[in-house]
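>>> Next input, structure requested:
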Amino acid sequence: MSETLAVPRRPSEVTLRGRILFLTDDMDLVRSQLDGVDLVTTPAAKDLVDNISTDEITPGWVCFYYDETLGHYSLVGLRGGVIKPGDLAGGGFDVVVSGLSKGCGSSRETAPYSELWAGVKLVIARSIEKIYGQNSQNIGLLNSTDFGLIDRIRAGETISLEEFTDGLDPIAAEIVRYGGLFNYNKARLAGQVTPPPVQTAARPMTITEKIIASKAVADAATGRLGIPAVKPGDALFVRAELRFSHDYTTAMSEALLVKALGADAKVTDPGSVFAFRDHLTFLGDVMPEARKKLGLLDRANHLAVVQKDFALRQGVRLYDEIDNPDGTKGSEAICHNAVLEDLALPGQVVVGTDSHTCTAGALGTFAFGVGSTDMANSWYTKDVRVRVPETVRFELVGEPSADITAKDVMLFILATPYIRESKAIGQVLEFGGPGLAHLNFDERATLTNMAVEAGATTGIVEPDSVVTDYLLGCRPGLTREEIEAGFQRSDEGATYAARFVIDLDAIAPMVATPGDPRNGVQITDLDAPVAIDIAYGGSCTGGKKTDMDLYASVLQRAADKGLHVAPGVDAYIQFGSQKIKEYAREQGYIELFEGVGVQLIDPSCGACINAGPGVSDTSDKVSVSAINRNFPGRSGPGDVYLASPLVVAASAIAGHIVRPESLFDAPEPAPSPKALPAATAGA
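Numbering: from 1, shown residues only. Predicted coordinates for the structure are as follows:
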């Protein structure tokens, strides 16, 4: 290779001369920094904002942009909007500092891009979420958990680039050295850099490790897949058999693909690539007029136009917006529901530009969310980079009571110290044990769907006959042998980062209080009755067939007693796919739901991302919701309590958050005698 064709690396030293912005719980202190006051001492860890979600870095409406304009709007959703458009970009900040779990929530790559395009060069946080951290590496935004850097930067010290690669796997380290994933891949394809081969000897492996080993790219030139074994920390590329994006992300991924490879760049194997018009379908119903006047609805709708054009040109299957015979209009399906119903198979690697891609782990797949840069690269290579994650085992035992759902189980798990202290970041949550027998397939999908709320890479369930029967029911063309050929089970002696036993008998109905899905408490532990304005059942988490059964089980009892949705409460149920809507129709649920005053909505992510009916429009409104996350601003400016479909339906009738049995005059059960959380660690 001639010297002129070599892909350049970043300089070996990093010089940061700009200001440092400390994101503290004291918003007045944040405002003073934006107004020009520099802090001379580093705030205590307890005073820094924890759990800054990507929704706060780039709220949904900001994601209608996918160019340098993002820098103007970085962090405008932070805790009430103290940071105004242009503040970060105009403040001369090289470094942004915060607390635990920076970048939790959605996989949207717009978040780190907005910081980079606002001039930020380094993000420091007590812990950094996996997808956000990987997206940052991919685009050249440095990040660190080393607070010792702060005083060194203040002193004007030059920092070695290697300090930002310390602890990274070899591939990630090279991506940082090359300033991003596209530069790294250009160097890799040019033979300038070669990923080190995985040398791990045969060993007992977990389900996830077995899938990764089987799909590892052993020889990029021939496409040969499979290596004997992997272990946590190994870095490699794996073949993704299913790749998907949606209307929020396809345009940005295509722009990155074209920027790197030219206007004629083609998607490799388009039959394994899918696009979804499923996030912004009903945005026009709830977008404030002021934002429409700014042209934001037009920008949002244009994303769908770009996606449709991309799908047509590339030969990609598009799950589009449709008009129904009954006069309603909505998406064909939310991407995660369609992946379960139509697309993924056990043992596959599934990637999508959405953090809840992990839902497909219910099938026994290794499924995880990626950013737009990773997706653009995978369109070209079919491969994605993986650092083999550690696995945490959750052994489910006992039998849950009739009013306990998988949502309660996950809110219980998310409230454990292991999760709340960010120990699960980047790990896999593996669910098994005899208690699984009491959870049908849809309920298992709730477990895996919400694994990302723990900061995990994904969730996965031991595949069994429940998976086989589900797929045979969804896809009549499949055979039992084809389905079970992909089954993997963890070996005896496989190594886990931690093991927990979850006693389903001990779990009471749960809610997560506003601000974070990890704020789980038993309903009986709420300080006072919580009056609600909105009850929302839907999204990929709460819009499945079983969820419809759960809503109906409560609402039928209410109808039998002559009860309706409480005055002053807006109640909604939204279907996860058209197939689920048809199921509800066949069961007579549509008439039941409408008869008690529930408003029905066709498939779309909608209220879960502040983009459809069911969102709050003022900060004083309170919602109880079956969605998966309740970060500030996620579903409008009001407070959101997360709860099971049973609790959502009962609360809609009662007008306040209530466990279902108390709605029907049954004695309120006593709180569990075990202190929350009651997960017990094993060896």
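>>> and the end-to-end length of stretch 49-60?
21 Å (CA to CA, to the nearest Å).
>>> Run the chain-centre distance for that stretch.
Stretch 49-60 sits 13 Å away from the centroid of its parent chain (CA atoms, centre = their mean, to the nearest Å).
>>> Show me the contact partners of it.
23-25, 70, 73-79, 98-108, 110-112, 114-115, 126, 132, 515-516, 518, 609-611, 629, 631-634 (CB atoms under 8 Å, 6 or more residues apart in numbering). Using the backbone N, CA and C atoms, a C-beta is placed for each residue, glycine as well.
>>> Now list the buried members of those residues.
23-24, 70, 73-79, 98-108, 110-112, 114-115, 126, 132, 515-516, 518, 609-611, 629, 631-634 (16 or more other CB atoms under 10 Å).
>>> Helices of the stretch 1-150 of the chain, start to end?
Taking DSSP state H, counting those that start in this stretch, the helices of the stretch 1-150 of the chain run over residues 27-34, 54-57, 87-90, 110-117, 130-139, 149-154.
>>> Can you say which of those is nearest to A275?
helix 110-117 (17.8 Å; CB to CB).
>>> Just want the angle from the closest one to helix 130-139.
Interaxial angle, helix 110-117 versus helix 130-139 (axes from the mean of the first three to the mean of the last three CA atoms, to 10 degrees): 40 degrees.
>>> doesn't F182 make contact with T373?
Yes: between T373 and F182 there is a contact under CB atoms under 8 Å: 6.9 Å.
>>> intersection of neighbour lists for the two?
L256.
>>> So which of these two has more stuff around it?
T373 (27 against 23; other CB atoms under 10 Å).
>>> Show me how this structure divides into domains.
Residue ranges for the domains of the chain, per automatic domain parsing: 17-155, 200-239, 387-505, 510-663.
>>> A202 reaches I227, doesn't it?
No: A202 lies out of contact with I227 (CB under 8 Å); the separation is 10.2 Å.
>>> Between those two, point out the one with more neighbours.
I227 (19 against 8).
>>> Skip the chain neighbours and tell me the closest residue to the more buried one.
Leaving aside its sequence neighbours, I227 sits nearest to A216 (CB to CB, 6 or more residues apart in numbering; 4.6 Å).
>>> try E482
L345 (7.8 Å).
>>> ok, the one you found - contacts?
If you count contacts by CB under 8 Å, 6+ apart, then L345 has L363, T365, L471, E482, I483, G486 around it.
>>> I'd assumed V349 was in contact with the last one.
No: using CB under 8 Å as the test, G486 is too far from V349 to be in contact (10.9 Å).
>>> Neighbour count: these two, which is higher?
V349 (25 against 18).
>>> I'd like the next helix or strand past the longest helix anywhere in the chain.
Ranked by residue count under DSSP state H, the longest helix found in the chain is helix 296-314. Downstream of helix 296-314, the first helix or strand assigned by DSSP states H and E is strand 317-319.
>>> need the contact list for T15.
T158, I159.
>>> Relative to I601, how far out is it?
Using CB to CB, to the nearest Å, one gets 52 Å for the distance from T15 to I601.
>>> Report the contact partners of the most centrally placed residue in the chain.
Central residue of the chain (CA atoms, centre = their mean): S355, 2.6 Å from the mean position. Shown in contact with S355 (CB under 8 Å, 6+ apart): G105, S106, S107, I131, G369, V452.
>>> Contact partners for the fourth one?
Remark: with contacts taken as CB under 8 Å, 6+ apart, I131 is in contact with G103, S107, S355, G369, V370, G371, V452.
>>> Could you list which of the residues you listed belong to helices?
Among those, no member lies in helices (by DSSP H).
>>> could you dump these to JSON lines with pLDDT and distance to C605?
Below are those laid out as JSON lines (pLDDT from 0 to 100; distance: CB to CB, whole Å):
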{"residue": "G103", "pLDDT": "95", "distance to C605": "20"}
{"residue": "S107", "pLDDT": "83", "distance to C605": "13"}
{"residue": "S355", "pLDDT": "92", "distance to C605": "12"}
{"residue": "G369", "pLDDT": "95", "distance to C605": "14"}
{"residue": "V370", "pLDDT": "94", "distance to C605": "18"}
{"residue": "G371", "pLDDT": "90", "distance to C605": "18"}
{"residue": "V452", "pLDDT": "96", "distance to C605": "15"}
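>>> First-to-last residue distance for stretch 563-572?
Span of stretch 563-572 from end to end, CA to CA: 16 Å.
>>> what's next to it, contact-wise?
532-538, 558, 596-601, 607, 613-614, 652-655.
>>> can you give me the helices for the stretch 301-450 of the chain?
Counting by DSSP H, counting those that start in this stretch, the helices of the stretch 301-450 of the chain are 335-338, 372-381, 406-414, 417-420, 441-449.
>>> Which elements pack onto the third one?
Helix 406-414 is packed against helix 441-449, strand 498-503, strand 510-512, strand 520-522, strand 639-643, with contacts defined by 3 or more CB pairs under 8 Å, 6 or more residues apart in numbering; DSSP states H and E.
>>> Provide the contact partners of the next helix or strand after the fourth one at residue level.
As assigned by DSSP H and E, the chain's next helix or strand after strand 520-522 is strand 534-537. Surrounding strand 534-537, the residues in contact under the criterion CB under 8 Å, 6+ apart are 543, 547, 551, 565, 569-574, 607, 614, 616, 621-627, 635, 638, 645, 648-649, 651-652.
>>> which SS class is L600?
Classification of L600 using DSSP: H, G, I helix; E, B strand; the rest coil returns strand.
>>> I'd assumed I590 was in contact with it.
Yes: at 6.5 Å, L600 counts as touching I590 under the criterion of CB under 8 Å.
>>> hmm, back to that, can you redo the helices of the stretch 1-150 of the chain as CSV with mean pLDDT?
Shown next, in CSV, are those (pLDDT from 0 to 100):
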stretch, mean pLDDT
helix 27-34, 97
helix 54-57, 93
helix 87-90, 97
helix 110-117, 96
helix 130-139, 93
helix 149-154, 96
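>>> Put together a markdown table for those, with distance to G459 on each row.
Output for the helices of the stretch 1-150 of the chain, formatted as a markdown table (distance: least, CB to CB, whole Å):
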| stretch | distance to G459 |
| --- | --- |
| helix 27-34 | 34 |
| helix 54-57 | 19 |
| helix 87-90 | 34 |
| helix 110-117 | 22 |
| helix 130-139 | 13 |
| helix 149-154 | 33 |
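>>> Among those helices, which comes closest to S422?
helix 130-139 (10.5 Å).
>>> quick one: the closest one to helix 372-381, angle?
70 degrees.
>>> so which of the domains of the chain gets nearest T328?
Nearest of the domains of the chain (CB to CB): domain 510-663, 5.1 Å.
>>> circling back to that earlier point, just list what the longest helix of the chain packs against, helices and strands only.
Checked by 3+ CB pairs under 8 Å, 6+ apart, helix 296-314 has helix 250-261, strand 273-276, helix 283-286, strand 317-319 packed alongside it.
>>> list the buried ones in that helix?
Of the residues in helix 296-314, those buried (16+ other CB under 10 Å) are L296, L297, R299, A300, L303, A304, V306, Q307, K308, F310, A311, Q314.
>>> could those be laid out in CSV, adding pLDDT and distance to I153?
CSV is the format used below for the buried residues of helix 296-314 (pLDDT from 0 to 100; distance: CB to CB, whole Å):
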residue, pLDDT, distance to I153
L296, 92, 37
L297, 94, 42
R299, 93, 37
A300, 93, 38
L303, 95, 38
A304, 95, 43
V306, 96, 40
Q307, 97, 41
K308, 97, 46
F310, 97, 41
A311, 97, 45
Q314, 97, 44
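>>> Tell me how far the residue nearest to E482 lies from G486.
When L345 is compared with G486 (using CB to CB), they lie 5 Å apart.
>>> before we move on, what about T446?
The value you get for T446 to G486, if CB to CB is used, is 22 Å.
>>> do V598 as well
For V598, the distance to G486 - CB to CB - is 39 Å.
>>> secondary structure class for the residue nearest to V598 when sequence neighbours are not counted?
Beyond its immediate neighbours in the sequence, the residue positioned closest to V598 (CB to CB, 6+ apart) is A571, lying 4.6 Å away. Of the three states, A571 takes strand according to three-state DSSP.
>>> per-residue confidence at A571?
pLDDT for A571: 98.
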